[in-house]
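Asks: Would you be able to build a 3D model of this:
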Amino acid sequence: MPPITRIALFNPTAQIGGAERNLLVMCQALKDRGIACIVVLPPKGTLVDALQGMGIPTISFPETELKSGQILRVLWNCLRLWPRLRRFKPQLLHANSIFGMYLPVILVAVTRLPSVVH
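Replies: Numbering: from 1, shown residues only. The predicted structure follows:
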């Protein structure tokens, strides 16, 4: 397997809490090592502002859809999200919370990309 240089991270909220502080530290550490990150999260909040201030690109997606565990909604949201995410060409999908793991888990099954649920 070639070295991973592009990671898509999923976070179910745009506000900063403990998991989000860890996400910020992780994104900065990955960026410092030359690994590109993009974060899928709700459109407005302190986390979006912090990521943008660090130069980390984001994809806005509604919080209710990131947290939805209803299978038909998850499948529909994967179809809606994947074209936008595919342009980034991720090599790994990372769910930063079990509350936001549904989309990446289904995308992993379809794309066969490696994943992490943290």
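Asks: So, low pLDDT: which residues of this protein?
Replies: Under the criterion pLDDT under 70, the flagged ranges of the chain are 1.
Asks: Tell me where it has helices.
Replies: With DSSP state H as the criterion, the chain has helices at 18-32, 46-54, 63-67, 71-86, 102-111.
Asks: do you know which of those helices lies nearest residue 10?
Replies: Between residue 10 and these, the tightest spacing by Cβ to Cβ is seen for helix 102-111, at 5.0 Å. All C-beta atoms are positioned from the backbone trio N, CA, C, and that covers glycine.
Asks: ok, and what's touching that closest one?
Replies: 8, 10, 40, 65-69, 74-75, 77-78, 81-82, 85, 93-95, 113-115, 117 (Cβ atoms under 8 Å, 6 or more residues apart in numbering).
Asks: sorry, back to before: can you list the helices of the chain in CSV and add distance to residue 3 and mean neighbour count?
Replies: As requested, these are exported to CSV (distance: least, Cβ to Cβ, whole Å; neighbours: other Cβ atoms under 10 Å):
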stretch, distance to residue 3, mean neighbour count
helix 18-32, 12, 15
helix 46-54, 22, 16
helix 63-67, 28, 18
helix 71-86, 20, 14
helix 102-111, 19, 19
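Asks: With distance to residue 4 as extra columns, can I get these in CSV?
Replies: Formatted as CSV, the helices of the chain follow (distance: least, Cβ to Cβ, whole Å):
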stretch, distance to residue 4
helix 18-32, 9
helix 46-54, 19
helix 63-67, 23
helix 71-86, 16
helix 102-111, 14
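Asks: Contacts only, for residue 47.
Replies: Contacts of residue 47 by Cβ under 8 Å, 6+ apart are 11, 13, 14, 15, 16, 20, 23, 24, 41.
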